[in-house]
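J.: Predicted coordinates and the sequence they were generated for:
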Amino acid sequence: MLTTQASLGGPSPESTAALVAVLGLSICGIWLFVRRLKDGPVAPDPWDEDVKEALQKDEASPLCHRCLSPHDGRANFCATCGAPVGIYTNWLPYPYLFSIGHTMRIGTSGEFRRSPLIILGFFLLGLAEYTIFAPVYWFAFLRGLRHSLTPRTQDTGSSSDASSPM
């Protein structure tokens with residue numbers, strides 16, 4: 001754009017003023033954002049002193065973030081639900097693959113908090129991980145999403161209930 005304007009005799013005063021205004025507003029916006037982050041309210045510590053002391057003890061065992069069952073501190077995955085719980089599980093090349101697989105299974109099972117951003121994230125993760133097989137994953141993801149949204153009724157034993165899934 002600048003080369004075109006330079007060949008036509010230089011930038012016009014209107015475009016220069018607009019550029020300076022946009023640059024000034026951008027700098028002000030960034031400054032206000034940083035100031036708000038710096039001066040914003042600090043979240044209170046949710047732990048009292050007893051919990052802090054209990055967490056510092058050697059006999060305290062870590063809990064799985066998904067099922068809250070205690071596990072060994074050296075374990076990479078939870079023995080109960082299979083969630084990645086190790087400190088370095090997502091950084092090591094081989095266990096990282098299983099961690100991604102666990103995340104993808106959560107998407108197809110439909111057992112996650114639903115928001116447009118999370119659903120978009122599963123779509124993009126499917127595209128990034130499976131590339132040409134992404135439509136297959138998306139089909140399984142949407143099927144799991146649809147099945148988890150339908151209310152599940154208890155089977156009463158009658159064969160006349162046509163709405164129960166096979």
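T.: Good, I have the coordinates.
J.: for this protein, what are the low-confidence residue spans?
T.: 1-10, 148-166 (pLDDT under 70).
J.: Give me the most central residue, it.
T.: Closest to where the C-alpha atoms of the chain average out (C-alpha atoms, centre = their mean) is Ile118, at 5.9 Å.
J.: In contact with Ala128, which residues are there?
T.: By C-beta atoms under 8 Å, 6 or more residues apart in numbering, the contact list for Ala128 is empty. In this view, the C-beta of every residue, glycine as well, is placed from N, C-alpha and C.
J.: Helix, strand, or coil at Arg113?
T.: coil (DSSP: H, G, I helix; E, B strand; the rest coil).
J.: State the phi and psi torsions of it.
T.: Dihedral pair for Arg113: phi -70, psi 130, per degrees, to the nearest 10.
J.: Quick check: the gap between it and Ala54.
T.: 28 Å (C-beta to C-beta, to the nearest Å).
J.: buried set for the biggest helix by length in the chain?
T.: In the chain, with assignment by DSSP state H, the single longest helix is helix 13-39. The neighbour-count check on helix 13-39 (16 or more other C-beta atoms under 10 Å) flags nothing as buried.
J.: And stretch 60-72, by the same measure?
T.: 62, 64, 66, 71.
J.: what about the closest residue to Trp138 other than its chain neighbours, helix or strand, and which?
T.: Spatially, and ignoring its direct neighbours in sequence, Trp138 is nearest to Gly126 (5.7 Å; C-beta to C-beta, 6 or more residues apart in numbering). Gly126 is part of helix 116-130 when elements are defined by DSSP states H and E.
J.: Tell me the buried residues in that helix?
T.: 122-123, 125-126.
J.: Out of these, which two are the most distant from each other?
T.: Greatest spacing in the buried residues of helix 116-130, by C-beta to C-beta: Phe123 and Leu125 (7.4 Å).
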